[in-house]
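1. What follows is a predicted structure for the sequence shown.
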Amino acid sequence: MGNKLSDRINNLPVSATLAMAAKARELKEKGIDIIGLSLGEPDFNTPDFIKKAAKQAIDDNYNSYTPVDGYGDLKKSICNKFKRDNGLNYETNQIVVSTGAKQSIANAIQVLVNPGDDVLLVGPYWVSYFAIVMLAEGNPIEIRSDISSDFKITPLQLENSITKKTKLVIINSPNNPSGSVYTEKEFLELSKVLEKYPEIYILSDEIYEHINYGVPHFSFAKIPSMFERTITVNGLAKAFAMTGWRIGYIGAPRWIARACTKMQGQITSGANCIAQRATIAALEAPTSKIKYMVDEFKERRKLIIDLLSQIKGIKLNQPMGAFYVFPDISHFFGKTLKNKKINTASDLAIFLLEESHVATVSGDAFGSPRNIRISYAASKEQIKKAISRIKSALEN
Ligand code: GLU
């Protein structure tokens with residue numbers, strides 16, 4: 001039959017995070033006791049006050065198509081949230097609600113990037129940025145960083161990566177996969193470079209905003225010279241344990257918001273009605289209502305770092321946000337573990353899956369070939385069991 005699919009899909013990489021999660025699920029279904037630490041998904045239930053608002057919405061017959069850019073009162077709640085948490089003054093016509101932050105990101109990239117434009121991915125970067133830029137026929141350009149700089153890039157690296165073709169820079173703090181959080185000062189320094197290039201736009205993915213262990217969250221759009229050039233992306237999945245509800249949103253210059261609405265209007269229309277009503281309840285509640293989850297993640301972070309630090313050859317930083325550790329495991333390259341040669345981070349991730357039955361994600365897909373990502377959005381028991389298995393496999 002031959003391959004009849006488009007070049008677009010044939011050339012598109014599969015999402016490494018979702019692929020590993022699917023592989024782990026498949027092995028679990030075969031009866032293997034897999035511990036899944038691959039997916040960035042809180043293991044909490046959605047808080048009751050949010051579920052209640054969703055149930056009410058069903059009873060109130062919220063069943064029709066929603067406005068493409070989101071319900072008006074939800075957009076007001078989002079403006080209030082931006083003001084309250086981020087000191088950002090967006091008007092409702094600068095907000096677009098989407099089916100998950102992934103769609104918010106895809107919209108923004110589709111409406112800004114022309115074929116051949118360069119998009120700078122500040123590394124390490126979330127796997128899907130790369131693929132979404134490819135879909136827009138842009139060139140994803142990695143700016144690499146590693147554990148020696150706490151996985152942060154310098155202004156000089158940014159400056160050296162800019163060319164005449166650069167259209168967009170994607171930043172993500174707190175960062176998936178490294179957990180690093182850029183300080184206000186560090187962002188100001190990066191913005192000084194961007195001030196010299198007014199034709200470049202910035203997409204700031206702040207989905208892990210509330211999962212933060214001490215470095216104050218700073219929104220890139222808060223820098224006055226950047227506000228008119230930045231798309232601020234956020235969503236409900238991580239902080240509110242609402243991954244499956246699929247609600248993301250942007251605050252952006254009006255013309256970009258209008259374009260994202262046009263794009264979305266041809267692809268999915270407005271986001272789900274019930275989830276949007278529930279989102280109003282989530283965003284209007286004080287953030288103290290979700291603090292118990294962040295406190296628990298903080299304890300798990302300590303636990304996983306303590307346990308991993310006892311494994312010879314694993315190099316760690318102190319992640320200040322999100323729920324991932326991103327150890328440098330290059331010590332194992334060139335070694336043979338249980339008759340398996342380890343040359344890459346993917347080799348190690350596969351070895352850990354097959355030998356320890358622990359699912360992690362290789363750093364390759366995040367632009368960090370010396371690392372693997374381990375999610376600690378799992379119970380303490382699971383974490384203890386997983387790291388003890390990893391320890392015995394690696395120290396064998
Ligand atoms: N963003 C999460 C992760 O990195 C969820 C999976 C995905 O959409 O990539 O694990």
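-> Received the coordinates, thanks.
2. who's in contact with Ala237?
-> Going by Cβ atoms under 8 Å, 6 or more residues apart in numbering, Ala237 touches Glu41, Gly100, Ala101, Ile207, Thr243, Trp245, Arg246, Ile247, Gly248. C-beta here means a position set from N, CA and C on the backbone, and glycine is covered the same way.
3. Give me the nearest residue to the second one, chain neighbours excluded.
-> Read it as Gly100. In space, and not counting its chain neighbours, Gly100 is closest to Arg246: 4.2 Å by Cβ to Cβ, 6 or more residues apart in numbering.
4. Likewise for the fifth one?
-> Sequence neighbours aside, Ala237 is the residue nearest to Thr243 in space, at 4.4 Å (criterion: Cβ to Cβ, 6+ apart).
5. Which positions within the top helix by length along the chain qualify as buried?
-> When the chain is parsed with DSSP state H, its longest helix is helix 291-309. For helix 291-309, the neighbour count (16 or more other Cβ atoms under 10 Å) marks Met293, Val294, Glu296, Phe297, Arg300, Arg301, Ile304, Ile305, Leu307, Leu308 as buried.
6. which one among those gets closest to the ligand?
-> Phe297 (14.4 Å; Cβ to the nearest ligand atom).
7. Please look at the closest one and Ala377 and confirm they touch.
-> Yes: here Phe297 reaches Ala377: they are 7.1 Å apart, a contact under Cβ atoms under 8 Å.
8. Residues in contact with both of the two, list them for me.
-> Phe323.
9. May I have the secondary structure class of the residue of the chain found nearest the ligand?
-> Closest residue of the chain to the ligand, Cβ to the nearest ligand atom: Gly40 (3.2 Å). Assigned by DSSP: H, G, I helix; E, B strand; the rest coil, the conformation of Gly40 is coil.
10. okay, now it: neighbour count?
-> When counting by other Cβ atoms under 10 Å, one arrives at 24 neighbours for Gly40.
11. So it sits against Ala377, correct?
-> Yes: the pair Gly40 and Ala377 qualifies as a contact (Cβ under 8 Å) at a distance of 6.4 Å.
12. joint contacts of those two?
-> With Cβ under 8 Å, 6+ apart, Gly40 and Ala377 have common neighbours Phe323.
13. for this protein, what spans make up the helices?
-> Using DSSP H, helices in the chain cover 7-10, 16-29, 48-59, 72-86, 101-112, 127-135, 155-161, 184-195, 254-267, 273-284, 291-309, 345-351, 380-394.
14. Can you tell me which of those is packed in deepest?
-> Comparing these on average neighbours per residue, with mean count of other Cβ atoms under 10 Å, the densest one is helix 101-112 at a mean of 24.
15. who does it touch, helix- and strand-wise?
-> Using 3 or more Cβ pairs under 8 Å, 6 or more residues apart in numbering; DSSP states H and E, the elements in contact with helix 101-112 are strand 95-98, helix 127-135, strand 166-172, strand 201-205, strand 230-235, strand 248-251, helix 254-267.
16. Any chance of CSV for the ones you listed, columns mean pLDDT?
-> Formatted as CSV, these follow (pLDDT from 0 to 100):
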stretch, mean pLDDT
strand 95-98, 98
helix 127-135, 96
strand 166-172, 98
strand 201-205, 98
strand 230-235, 98
strand 248-251, 98
helix 254-267, 98
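17. Pretty sure Asn80 sits against Glu284.
-> Yes: in this structure Asn80 lies within contact range of Glu284 using Cβ under 8 Å: 7.4 Å.
18. So which bits of the protein are right by the ligand?
-> Counting by Cβ under 6 Å from any ligand atom, the chain comes close to the ligand at Ser15, Thr17, Leu18, Leu39, Gly40, Trp126, Ser128, Asn176.
19. sorry, back to before: can you report how many residues lie near the residue nearest to Gly100?
-> Arg246 - counted by other Cβ under 10 Å - has 19 other residues nearby.
20. quick one, what contacts it?
-> Under the criterion of Cβ under 8 Å, 6+ apart, the neighbours of Arg246 are Thr99, Gly100, Gln103, Ala237, Ala271, Asn272, Ala275.
21. again with Glu395
-> Residues in contact with Glu395, defined by Cβ under 8 Å, 6+ apart, are Ile311, Lys312.
22. Retrieve the pLDDT associated with it.
-> We have a pLDDT of 90 for Glu395.
23. Enumerate every residue touching Leu394.
-> Residues near Leu394 by Cβ under 8 Å, 6+ apart: Ile311, Lys312, Gly313, Ile314, Phe332, Leu337.
24. Make a PyMOL selection of the buried ones in those residues.
-> Here is the PyMOL command that picks out the buried ones among the contacts of Leu394, judged by 16+ other Cβ under 10 Å:
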select buried, resi 311+314+332+337
